[in-house]
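Colleague: need a structure here:
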Amino acid sequence: MASNILVKRISTVLFIGFLFSACTRIGTTEMGLGLLPSMDAFNTKDTILDVETETVDRADSLRIYGQDDHLVGIINNDPLFGSTNASMYFQLKPSFFPYYIRGAKDSVIIDSAVLMLNYRGFYGDSSKPIVLNLKRISASTPLNLDTLVASNYPEVYNIQTDATMANPYTLNFARIQDSIINRYEATKNQIRIPLNSTFTNLFLNVYDSTTAYRTDTTLRKYFPGFALSANTTGNPNVLVRINLLDTNTKLGLYYRTNSTTNPGVRDTIVDYFKFSLYGNGYANFVKRNRSSAEVARHLGVAKDTLVYVQTSPGTVVKIKVPGLKTFANKVIHRAELIAEQVPSETQQDGQFYPPNYLFLGAYDSASKVIRNIPNDYQGTVNTTQFARFGGRLIYKTIQGYSNVATYNFDLSRYMQGIISRKDTIFDMRLFAPVNDSLKYVPPYPNNLQSGTDYLTTSLGNQPAIGRVRLGGGKHSKFKMRLHVYYSDL
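Modeller: You can find the predicted model right below:
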């Protein structure tokens, strides 16, 4: 009798253990039930809703602002996304006008002029140096101070150069972080390009003998600005990030003159021209060419197995979830869109890493704009809600691969509104934003209002940095999907 009771107890424990294990071990083991809100382990179910995916070129107008990191360089060996060419155009000015070279003119001895640039990092292959070219912007195509030019449309502005200002500069990535310590500088991460004698003489002698330094307007007339580009004979497979506002960026004019306080003594002086958000023109052009890359064969392919996201100026993925139309009314505990990288077998994935942040928006076909996912994306002001929505890059070990880039998005409230209130079903757009804006509609019941939300570089991505090939809705291993955890009513 006692043995029968013991057998029954063991059987009951095993059954309960099996049942609990079956309920908590969600089919794809993507999330344990303890992480899901308000869930009953015995009644909660999960299912996968298929998605339809398509990659398209995003015809956006990327804006790179003065405070952002700017880019210079060439990428010509990315088999997935093709080539990129980035060039910089900018002005620097003295701290006062009318500016003048100090000391008696006949006592001035010219030393040197050096363009210093703040180095912020690289994207691509840093195993070899990159060669940079510095030229002067032509007076026939000056920078427009009143217009922030779109970075991905260089042909529209057609800024030309007319003279070489320095010898080709070789940037050695292995040495760029070395400290620079001299009489005037104690710094590191600084690119230093010595100007040739012609332009050193212009800044320290010729311009000082004319009206060039009278005002910032006259200076721009004499010297429209600097043009920085990469030389194809160097390392044409890397982009360099440069910040113009950093104190490490400046033009240094070095000269010697008679001391104004100690007769018979000569002073060694350096004057700096710096960048300002106000009064200095700038443009950073980033030109993409995907014609010979893998992505070109997938643009516009509906229900594709592979999809491609490139940071702006980039590509976007269209996403549809047909199953939302027929999903019965349930209690949605979590609806999570999951997008996973399809790794390549080459080293390029390590050099051209994925975007730090992807954004999932809803496409409003009535206004033809991208808006926020209803109810789930609640703007950038509430940092907790912003993080909860998802989109930040995380790495997983799956399908026999380590460090697989993955992006998850919480669509629970959006799906609940669809199946419970018959809210509008939107097609979605997945992209890597840079200085983007979107139409923002607050959560229900305040959804009759609208405004604008901004996705700046401080929240997401740096211009042109990052790209990823993702599994589409038809992929066999890295399938994009909407994983739904729910309970019956």
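
Colleague: ok, residue 304 to residue 131 distance?
Modeller: In this view, residue 304 and residue 131 are 39 Å apart by CB to CB, to the nearest Å. C-betas here are computed from N, CA, C, even on glycine.

Colleague: and if you look at residue 426?
Modeller: For residue 426 relative to residue 131 (CB to CB), the value is 48 Å.

Colleague: Could you check which of these two has the larger neighbour count?
Modeller: Remark: of residue 426 and residue 131, residue 426 carries more neighbours, 21 against 17, as counted by other CB atoms under 10 Å.

Colleague: List the contacts of the more buried one.
Modeller: 362-364, 371, 373-374 (CB atoms under 8 Å, 6 or more residues apart in numbering).

Colleague: Nearest spatial neighbour of residue 44, chain-adjacent residues omitted?
Modeller: The shortest distance from residue 44 to any non-neighbouring residue, by CB to CB, 6 or more residues apart in numbering, is to residue 487 (5.4 Å).

Colleague: phi, psi of the one you found?
Modeller: Phi and psi for residue 487, reported as degrees, to the nearest 10, are phi -130, psi 150.

Colleague: That one: neighbouring residues, count only.
Modeller: Residue 487, neighbours per other CB under 10 Å, totals 15.

Colleague: same question, residue 95
Modeller: 10.

Colleague: does it sit in a helix, a strand or a coil?
Modeller: coil (DSSP: H, G, I helix; E, B strand; the rest coil).

Colleague: roughly how far apart are it and residue 218?
Modeller: Residue 95 is 16 Å from residue 218, by CB to CB.

Colleague: before we move on, what about residue 195?
Modeller: Counting by CB to CB, the gap from residue 195 to residue 218 is 20 Å.

Colleague: For these two, indicate the residue with more neighbours.
Modeller: Between residue 195 and residue 218, counting by other CB under 10 Å, residue 195 is the more crowded of the two (23 against 16).

Colleague: Surely the more buried one touches residue 110?
Modeller: No - using CB atoms under 8 Å, residue 195 makes no contact with residue 110, being 11.0 Å away.

Colleague: Specify the next element, helix or strand, located C-terminal of the longest strand seen in the chain.
Modeller: Assignment by DSSP state E gives strand 109-124 as the longest strand of the chain. Moving toward the C-terminus from strand 109-124, the next helix or strand (DSSP states H and E) is strand 130-137.

Colleague: Return the set of buried residues in that next one.
Modeller: 130-137 (16 or more other CB atoms under 10 Å).

Colleague: all helices for the stretch 301-450 of the chain, in order.
Modeller: Under the criterion DSSP state H, counting those that start in this stretch, the stretch 301-450 of the chain contains helices at 348-351, 383-389, 412-421.

Colleague: for the ones you listed, which one sits closest to residue 162?
Modeller: Nearest of the helices of the stretch 301-450 of the chain to residue 162, taken as CB to CB: helix 348-351 at 35.0 Å.

Colleague: Over the closest one, what's the mean pLDDT, rounded is fine.
Modeller: Across helix 348-351, the average pLDDT comes to 82.

Colleague: What lies in contact with that helix?
Modeller: 77-80, 124-125, 237, 343.

Colleague: So which bits of it are buried?
Modeller: Buried-residue list, helix 348-351, by 16+ other CB under 10 Å: 348-349, 351.

Colleague: can you list those residues in JSON lines and add distance to residue 322?
Modeller: Compiled in JSON lines, those are given as follows (distance: CB to CB, whole Å):
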{"residue": "348", "distance to residue 322": "34"}
{"residue": "349", "distance to residue 322": "31"}
{"residue": "351", "distance to residue 322": "37"}
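
Colleague: Which of those residues sits closest to residue 106?
Modeller: Closest to residue 106, out of all of the buried residues of helix 348-351 and judged by CB to CB, is residue 351, at 55.0 Å.

Colleague: how close does the closest one get to residue 85?
Modeller: As judged by CB to CB, residue 351 and residue 85 stand 17 Å apart.

Colleague: any idea how far residue 311 is from the closest residue to residue 97 other than its chain neighbours?
Modeller: Nearest residue to residue 97, sequence neighbours excluded (CB to CB, 6+ apart): residue 215, at 5.2 Å. Distance of residue 215 to residue 311, given as CB to CB: 39 Å.

Colleague: Looking at those two, which is more packed in?
Modeller: residue 311 (28 against 14).

Colleague: Find me the pLDDT at the more buried one, would you?
Modeller: 96.

Colleague: Contact partners for residue 154?
Modeller: Contacts of residue 154 by CB under 8 Å, 6+ apart are 87, 285, 287.

Colleague: How about residue 130?
Modeller: Listed by CB under 8 Å, 6+ apart, the contact partners of residue 130 are 73, 170-171, 173, 230-231, 234-235, 238, 240.

Colleague: what sits opposite it in the beta ladder?
Modeller: Under the criterion DSSP bridges, residue 130 forms beta bridges with residue 171.

Colleague: okay, how far is it across stretch 132-150, tip to tip?
Modeller: 23 Å (CA to CA, to the nearest Å).

Colleague: Give me the mean pLDDT for it.
Modeller: Mean predicted confidence for stretch 132-150 is 90.

Colleague: For it, what is the distance to the chain centroid?
Modeller: Its chain's C-alpha centre and that of stretch 132-150 lie 23 Å apart, by CA atoms, centre = their mean, to the nearest Å.

Colleague: Tell me which stretches of the stretch 51-200 of the chain form strands.
Modeller: 52-57, 69-75, 83-90, 109-124, 130-137, 161-164, 169-171, 180-181, 186-187, 190-194 (DSSP state E, counting those that start in this stretch).

Colleague: Ok, which of those comes nearest residue 294?
Modeller: strand 52-57 (10.7 Å).
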